[in-house]
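Peer 1: This is the structure alone, sequence omitted:
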């Protein structure tokens, strides 16, 4: 799978830009702040319905505009599709496939698949649990686009349950009043049911990623491993099957209900879980050097790429200003590993930051203008 044309209107710094793309390596080169990352960010948004740089859509719309358009022509084998997203901050986003059919934005998931390497990836190792949960859930959705609906359902149920708990906590604090919490049992069941499905997918993903990530780390930093991924659920237990996970979550919710009512927040569930990343016998966070942390983050992304490729429909590889962050050895090893990709998009401040093995199409990016070099 590869993108053959990218079109943006009022996206980030671009009033309008048209970029033809080819299989193989394409590098966008230019000084920082000129719009290179905006191009690959748009491709990544089509794959995940989110940005790797910001958490909301508002910064993606050009100053003074009320909406932004991302449009891409995508080829998979002999099949071509045109996918379009209209970003409307404060209102519902809109989507179209092949111009005529208006669909929900999440219906475009799976048409474009990306694995994106960026400086922000260091947070996978050094950041808080939310970074690792986001990594897992985006990859779960890339593997199975229907999981976007499951994630949305979980967020909705969690919000409703938290609202009920917060109201109960406030009632207790102000006058000692008690609320009718009979509906909490229903929300427990909803949360456990949807949460079990998300948990089952995450656990399956961890099992599939583990050997691939260990192999990738060895390729990037020979002799530096082994690497281990350990899922740490907030609802303790050893369950893996969906029904067993449901029972595990229900039991955990029952145990912490009194605390939840006191604090007004849901204390167990996938939204509170973490993945412990280990390097050798020690946790990577706090013990790995800067170079080891980079190698770990890159190994997770390479493992993601290998997993998606093995399951069919090879993703677009995006390397956003990554090589400038790496020493010469890691730079060359990473370049050799990704060079065979069907489509590789690279951003760099100067030509020298792009390894020679990634020779291919070059675009110069300056002052919002994208020109083939």
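Peer 2: Yes, it's here. Keep in mind the model is a prediction, meaning the values are calculated, not measured.
Peer 1: ranges for the helices of the stretch 51-200 of the chain?
Peer 2: For the stretch 51-200 of the chain, applying DSSP state H, counting those that start in this stretch gives helices covering 123-126, 129-143, 147-173, 182-220.
Peer 1: Give me the below-cutoff pLDDT ranges for the chain.
Peer 2: Residues of the chain that meet the criterion pLDDT under 70 lie in 175-180.
Peer 1: Okay, domains of it per the record?
Peer 2: When the chain is parsed into structural domains using automatic domain parsing, the resulting residue ranges are 1-113+313-373, 123-312.
Peer 1: Span of the first one from start to end?
Peer 2: With Cα to Cα, to the nearest Å as the measure, domain 1-113+313-373 spans 25 Å from end to end.
Peer 1: what's the closest non-adjacent residue to residue 153?
Peer 2: Spatial nearest neighbour of residue 153, excluding adjacent residues (Cβ to Cβ, 6 or more residues apart in numbering): residue 194 at 4.9 Å. All C-beta atoms are positioned from the backbone trio N, CA, C, and that covers glycine.
Peer 1: Which residues does stretch 211-225 contact?
Peer 2: Residues outside stretch 211-225 that contact it (Cβ atoms under 8 Å, 6 or more residues apart in numbering): 226-229, 279-280, 291-292, 295-296, 298-300, 302-303, 306-307, 330, 333-334, 337.
Peer 1: Any quick ChimeraX command for the buried ones out of those?
Peer 2: The ChimeraX command for the buried members of the contacts of stretch 211-225 (criterion: 16 or more other Cβ atoms under 10 Å) is given here:
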select :227,228,229,279,292,295,296,298,299,300,302,303,306,307,330,333,334,337
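Peer 1: To residue 114, which of the helices of the stretch 51-200 of the chain lies closest?
Peer 2: Put simply, out of these the one that sits nearest residue 114 is helix 129-143, at 8.1 Å, with distance taken as Cβ to Cβ.
Peer 1: sorry, back to before: next, format the helices of the stretch 51-200 of the chain as CSV and append distance to residue 56 and mean neighbour count.
Peer 2: What follows is those, written out as CSV (distance: least, Cβ to Cβ, whole Å; neighbours: other Cβ atoms under 10 Å):
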stretch, distance to residue 56, mean neighbour count
helix 123-126, 18, 20
helix 129-143, 14, 20
helix 147-173, 15, 17
helix 182-220, 22, 19
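Peer 1: And those: which comes nearest residue 346?
Peer 2: When those are compared for distance to residue 346 using Cβ to Cβ, the nearest one is helix 182-220, at 17.3 Å.
Peer 1: thought residue 266 was touching residue 159?
Peer 2: No: using Cβ atoms under 8 Å, residue 266 makes no contact with residue 159, being 9.6 Å away.
Peer 1: residues in contact with the residue nearest in space to the middle of the chain?
Peer 2: The residue at the geometric middle of the chain, judged as the C-alpha nearest the mean C-alpha position with Cα atoms, centre = their mean, is residue 138 (3.9 Å). When contacts are counted by Cβ under 8 Å, 6+ apart, residue 138 touches 48, 50.
Peer 1: repeat for the one 3 residues further on
Peer 2: Residue 141 makes contact with 48, 109, 147-148, 151 under the criterion Cβ under 8 Å, 6+ apart.
Peer 1: if you set the cut-off to 10 Å instead, what comes out?
Peer 2: With contacts defined as Cβ atoms under 10 Å, 6 or more residues apart in numbering, residue 141 is in contact with 47-49, 106, 109-110, 113, 147-151, 201.
Peer 1: Next: residue 297.
Peer 2: Residue 297 makes contacts with 117-127, 135, 277, 284, 288, 322, as judged by Cβ under 10 Å, 6+ apart.
Peer 1: Next, work out how far apart it and residue 40 are.
Peer 2: 17 Å (Cβ to Cβ, to the nearest Å).
Peer 1: before we move on, what about residue 6?
Peer 2: When Cβ to Cβ is the yardstick, residue 6 and residue 40 sit 9 Å from each other.
Peer 1: again with residue 280
Peer 2: Noted for residue 280: a distance of 34 Å to residue 40, by Cβ to Cβ.
Peer 1: can you check residue 372 too?
Peer 2: Using Cβ to Cβ, residue 372 is found at 17 Å from residue 40.
Peer 1: For those two, indicate the residue with more neighbours.
Peer 2: residue 40 (24 against 10; other Cβ atoms under 10 Å).
Peer 1: mind checking the SS state of residue 38?
Peer 2: Taken by DSSP: H, G, I helix; E, B strand; the rest coil, the conformation at residue 38 corresponds to helix.
Peer 1: Need the phi and psi values for the residue lying closest to it once chain neighbours are set aside.
Peer 2: The shortest distance from residue 38 to any residue other than its chain neighbours is 3.9 Å, reached at residue 12 (Cβ to Cβ, 6+ apart). Recorded main-chain torsions at residue 12 are phi 50, psi -120, according to degrees, to the nearest 10.
Peer 1: Does residue 12 touch residue 68 like I think?
Peer 2: Yes: in this structure, residue 12 sits in contact with residue 68. The criterion is Cβ atoms under 10 Å, and the distance is 7.7 Å.
Peer 1: got any residues that touch both of these two?
Peer 2: 42, 60-62.
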